[in-house]
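Undergrad: predicted model and sequence below, questions to follow.
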Amino acid sequence: MARPGVFHPRVFKKSDQRQLDTMMNERMNGQVAQSAQTEREDLVQIIDVVKNFGEHVALNQVSLTVKKKELFALLGSSGCGKSTLLRILAGFETATSGKVLVDGEDLSRIPPYRRPVNMMFQSYALFPHMSVQDNVAFGLKQEGVPKNEIQERVDDVLELVQMRKFARRKPHQLSGGQQQRVALARSLVKRPKLLLLDEPMSALDKKIRQKTQLELVNIIDKVDVTCIMVTHDQEEAMTMATRLAVMSEGEILQVGTPNQVYEYPNCRFTAEFIGSTNLFEGVVVEDEPDHVFVESPDLDARLYINHGITGPLGMPVAVSIRPERVRVSREKPEQKYNYARGVVKDLAYMGSYTLYHVQLENGKVIVANLSSLVLSSDDAPSYDDEVWASWNESSQVVLTS
Ligand SMILES: Nc1ncnc2c1ncn2[C@@H]1O[C@H](COP(=O)(O)OP(=O)(O)OP(=O)(O)O)[C@@H](O)[C@H]1O
Ligand SMILES: [Mg+2]
């Protein structure tokens, strides 16, 4: 049951997004980026958008607001509707119902050539026989922009993406990262209010991908453009985006800053999709205004949650604990709750950190992410050692959906 007047910081339904935002804003008070975010004007308003392909519902009542100058990421598994939403924003696809406003104007009423939107495609689609300069100038020539203005704008944008010295090269004489920057220049030269990027990094290999991610953020920061980016890659979204939306099966499950979504996932899907986590299924066995106990068949000890939750006694929940919040020790921890006993089954050395796989008697594995410095101590737990995994009461997130 909901308890009026009691703040339930860690349990959210999808509809509680506004509460989450308010709470996070309060919590992150003082963080400039966050407060600037809330004050910015809206650029894109997606209102109850539905898209059906025959019987298939690709987008189901999607609503979303993107603010000016944001780099917003749409994240979700394959087929969840990311590209479909982007294509509707670009005007390549029409929504079955609902509407999209850009700067207050209904997109469907703006003829395609006047839409303040540009989409950068995955394959970049550069003209192979044209130089970098001509590729970038192409759209402006089509629009009949005067020649000297074209030259100026092309020079400026090539400077911005640091490709001026390659202006006369053909695309095949460029690296993947350089081609990507030309494609970006070609999109930006038209000065769109809204830039749509569908998997902008997917043609790049991992090493230059990471470098390009930062470059792209810097470039976009310098121009007056709002970006919506689609990606499969949650790390990419976390690094680049000011805010992100997690999508699944045509629906938006959660919207927030990378930090909000990681620390306060609102459902099992998001908790598992963004980063990795330990999930314990259980039921609420004691329900007080300021704390609850959850019993999980996976654990001998109860889970003590240091706040009330919205829901009845006996309600099934999942408790999420991030691997970096789990401690592993040879000694039994002093706390009465929030621990488990097991055996170290696997140690994955990842460089700066090591993943401990602690297997409980019932077979369930708890993953703990420990600094590799821990490994260098003499009494560091090792393979087949009996250990205790434990965590703080504040490290848990209770999920009801
Ligand atoms: N033109 C179309 N006709 C029929 N079904 C379509 C069409 N375009 C997309 N779909 C379906 O709609 C769903 C969403 O597709 P969409 O391309 O938006 O997925 P996505 O999230 O971008 O996936 P990916 O990450 O694989 O690119 C998929 O099930 C897809 O098969
Ligand atoms: Mg796609």
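TA: Perfect, I can see it now. Ligands and ions are numbered 1, 2, ... in the order given.
Undergrad: so which residues on the stretch 151-300 of the chain come close to ligand 1?
TA: H232 (CB under 6 Å from any ligand atom). In this view, the C-beta of every residue, glycine as well, is placed from N, C-alpha and C.
Undergrad: show me how far the helix or strand harbouring L279 is from its chain's centre.
TA: Under the criterion of DSSP states H and E, L279 resides in strand 278-287. Offset of strand 278-287 from its chain centre (CA atoms, centre = their mean, to the nearest Å): 27 Å.
Undergrad: what strands line up against it, and which way round?
TA: Using DSSP bridges, the strands paired with strand 278-287 in its sheet are strand 292-295 (antiparallel), strand 316-321 (antiparallel).
Undergrad: nearest to K336, out of these?
TA: Closest approach to K336 among these (CB to CB): strand 292-295, 10.8 Å.
Undergrad: can you check which helix is longest in this structure?
TA: Counting by DSSP state H, the longest helix found in the chain is helix 206-222.
Undergrad: tell me the first helix or strand C-terminal of that one.
TA: Following helix 206-222 in sequence, per DSSP H and E, is strand 226-231.
Undergrad: tell me the strands beside that next one, with direction?
TA: strand 71-76 (parallel), strand 194-198 (parallel).
Undergrad: what lies in contact with that strand?
TA: 43-44, 66-75, 82-83, 86, 89, 193-201, 220, 237, 240-241 (CB atoms under 8 Å, 6 or more residues apart in numbering).
Undergrad: show me the beta-bridge partners of L75.
TA: T231, V246.
Undergrad: can you tell me the closest non-neighbouring residue to L107?
TA: V100 (4.4 Å; CB to CB, 6 or more residues apart in numbering).
Undergrad: who's in contact with the one you found?
TA: 44-47, 49, 88-89, 106-108.
Undergrad: can you put these in a markdown table and add secondary structure and neighbour count?
TA: Listed next are these as a markdown table, based on DSSP: H, G, I helix; E, B strand; the rest coil; neighbours: other CB atoms under 10 Å:
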| residue | secondary structure | neighbour count |
| --- | --- | --- |
| V44 | strand | 22 |
| Q45 | strand | 17 |
| I46 | strand | 24 |
| I47 | strand | 16 |
| V49 | strand | 23 |
| I88 | helix | 25 |
| L89 | helix | 23 |
| D106 | strand | 12 |
| L107 | helix | 24 |
| S108 | helix | 12 |
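Undergrad: out of those residues, who's nearest ligand 1?
TA: I88 (9.6 Å; CB to the nearest ligand atom).
Undergrad: with adjacent residues omitted, what lies nearest to that closest one?
TA: I88 sits nearest to A95 (CB to CB, 6+ apart), 5.3 Å away.
Undergrad: my read is that that neighbour contacts L59, right?
TA: Yes - shown here, A95 and L59 form a contact pair, counting by CB atoms under 8 Å, at 7.5 Å.
Undergrad: out of the two, which sits in the busier spot?
TA: Taking neighbours as other CB atoms under 10 Å, A95 and L59 compare with L59 leading, 28 against 22.
Undergrad: so what sits opposite that one in the bridge?
TA: K51.
Undergrad: neighbours of D379, just the number please.
TA: Neighbours of D379 using other CB under 10 Å come to 10.
Undergrad: residue contacts, it?
TA: Contacts of D379 (CB under 8 Å, 6+ apart): R330.
Undergrad: the closest residue to P265 other than its chain neighbours: how many residues sit nearby?
TA: Closest residue in space to P265, ignoring its immediate chain neighbours: A271 at 3.8 Å, by CB to CB, 6+ apart. Counted with other CB under 10 Å, residues neighbouring A271 total 26.
Undergrad: same question, R325
TA: 18.
Undergrad: and the residue nearest to F273 when sequence neighbours are not counted, how many neighbours?
TA: Nearest residue to F273, sequence neighbours excluded (CB to CB, 6+ apart): V246, at 6.1 Å. By the criterion of other CB under 10 Å, V246 has 27 neighbours.
Undergrad: what do you get for the one 3 residues further on?
TA: By the criterion of other CB under 10 Å, E249 has 15 neighbours.
Undergrad: so how far is I274 from it?
TA: 17 Å (CB to CB, to the nearest Å).
Undergrad: and if you look at I47?
TA: Counting by CB to CB - I47 and I274 are separated by 26 Å.
Undergrad: ditto for V145
TA: Applying CB to CB to V145 and I274 gives a distance of 43 Å.
Undergrad: so these two - more neighbours on which side?
TA: I274 (22 against 16).
Undergrad: do you know the pLDDT at the one residue in the stretch 101-250 of the chain that gets nearest to ligand 1?
TA: Distances between the stretch 101-250 of the chain and ligand 1 by CB to the nearest ligand atom are smallest at H232, namely 5.4 Å. We have a pLDDT of 84 for H232.
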